[in-house]
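A.B. asks: what's the 3D shape of this:
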Amino acid sequence: MISASGITVRYGSALAVREASLTAPAGTVTAVVGPNGAGKSSLMSALLGSVPAAGSVEVGGVDLSSVPSGKRLRSGLAYVPQGRQLFPRLTVRENLEIGARLLGRRNDVLGTAFDRFPILRTRQRSLAGVLSGGEQQMLVLARALLVQPSTLLLDEMTTGLSPKIGGELLDLVRALADSGVTVVVAEPALHRVARIVDRGYVMMRGGLSEPYPDAESLDSAYRSAMGLLEEAL
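C.D. replies: Just a heads-up that it's a prediction; the model follows:
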């Protein structure tokens with residue numbers, strides 16, 4: 001379980017996240033849905049500890065508020081960032097080896113990554129930069145899962161992917177949640193991930209709603225919030 005309270009993120013005078021509180025139970029997929037610029041990526045970065053933020057973050061009842069991001073990753077908090085942050089001029093295998101070192105793992109964990117994504121085994125000597133978008137996203141996810149996480153943060157994982165590849169990755173995420181992993185997904189539109197979502201929040205202008213207990217009520221709340229936003233504009 002991951003829980004956060006009073007998360008506030010500022011970039012200079014700009015307020016990106018405002019007093020946000022979130023709880024994601026173990027074994028569930030919790031969505032944070034909101035338009036571009038709502039603060040979703042800043043919230044995910046605050047949970048990871050990669051941006052300065054006020055407030056508290058706990059994982060499994062352990063307070064990580066003062067723990068740097070590297071130690072959060074090695075303790076079982078995995079993160080798949082928006083934009084597929086890879087080393088394009090390194091091979092698939094080298095990207096995984098670097099990920100393993102950063103997570104304090106040995107290269108013998110790479111076999112698990114290749115078993116999970118067989119296409120990466122066949123492409124392990126290819127440069128990451130020449131992979132398709134779907135293969136790159138598989139590589140980013142494989143790298144994150146080297147830590148065997150208890151909590152997985154996914155920032156717009158399905159953006160730019162074909163329905164087939166996106167569906168395969170969503171099936172994997174659902175299986176991870178069913179195995180007990182806590183999953184938090186940030187997406188600009190719920191329809192991309194609705195079939196795997198258990199519960200979630202709407203994010204607008206840096207603020208987070210109360211939790212909604214299922215995908216249907218979350219979608220309804222999001223549509224209503226977007227309607228009010230359009231009227232205000």
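A.B. asks: and the longest helix for the protein?
C.D. replies: helix 215-232 (DSSP state H).
A.B. asks: what's the distance between the nearest residue to Thr8 once chain neighbours are set aside and Ala20?
C.D. replies: Distances taken as CB to CB, 6 or more residues apart in numbering place Ala54 nearest to Thr8, at 4.3 Å, with adjacent residues excluded. Just so you know, the C-beta spots here come from the backbone N, C-alpha and C atoms, and that holds for glycine as well. Distance, Ala54 to Ala20, by CB to CB, to the nearest Å: 10 Å.
A.B. asks: of the two, who's got more company?
C.D. replies: Set Ala54 next to Ala20 and count neighbours by other CB atoms under 10 Å: Ala20 wins out with 26 against 13.
A.B. asks: helices or strands next to whichever strand or helix holds that one in the packing?
C.D. replies: Using DSSP states H and E, the element containing Ala20 is strand 14-24. With contacts taken as 3 or more CB pairs under 8 Å, 6 or more residues apart in numbering; DSSP states H and E, strand 14-24 sits against strand 2-11, strand 29-33, helix 40-48, strand 54-59, strand 182-187, strand 207-208.
A.B. asks: between these, which gets nearest to Asn107?
C.D. replies: For the helices and strands packed on strand 14-24, the distance to Asn107 is smallest for helix 40-48, at 24.1 Å, taking CB to CB.
A.B. asks: what is the burial count for Asn83?
C.D. replies: For the record, residue 83 is Gly, not Asn. As a burial measure, Gly83 scores 11 neighbours (other CB under 10 Å).
A.B. asks: got a list of what the residue nearest the centre of the chain touches?
C.D. replies: Among the residues of the chain, the one closest to the centroid is Leu154, at 1.4 Å (CA atoms, centre = their mean). Residues near Leu154 by CB atoms under 8 Å, 6 or more residues apart in numbering: 80, 173, 183-186.
A.B. asks: for the nearest residue to Ala24 once chain neighbours are set aside, grab the count of nearby residues.
C.D. replies: In space, not counting the residues next to it along the chain, Ala24 is nearest to Thr30; the distance is 3.9 Å by CB to CB, 6+ apart. Thr30 has 23 neighbours, counted by other CB under 10 Å.
A.B. asks: if we can go back for a sec, which of the helices and strands packed on strand 14-24 sits most buried?
C.D. replies: Per-stretch averages of neighbours, counted by mean count of other CB atoms under 10 Å, single out strand 29-33 among the helices and strands packed on strand 14-24, with a mean of 27.
A.B. asks: what's in contact with it?
C.D. replies: 22-24, 40, 43-44, 173-174, 177, 182-190, 193, 196-203, 208, 211, 215, 218, 222.
A.B. asks: sorry, back to before: and the contacts of Leu154, which two are furthest apart?
C.D. replies: Applying CB to CB across the contacts of Leu154, the maximum distance is between Val173 and Ala186, 12.7 Å.
A.B. asks: could you list the low-pLDDT ranges of the chain?
C.D. replies: Counting by pLDDT under 70, the ranges of the chain that qualify are 230-233.
A.B. asks: thinking again about what came up before, any chance of a markdown table for the helices and strands packed on strand 14-24, columns distance to Pro149?
C.D. replies: Putting the helices and strands packed on strand 14-24 into a markdown table (distance: least, CB to CB, whole Å) gives the following:
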| stretch | distance to Pro149 |
| --- | --- |
| strand 2-11 | 11 |
| strand 29-33 | 14 |
| helix 40-48 | 12 |
| strand 54-59 | 10 |
| strand 182-187 | 8 |
| strand 207-208 | 23 |
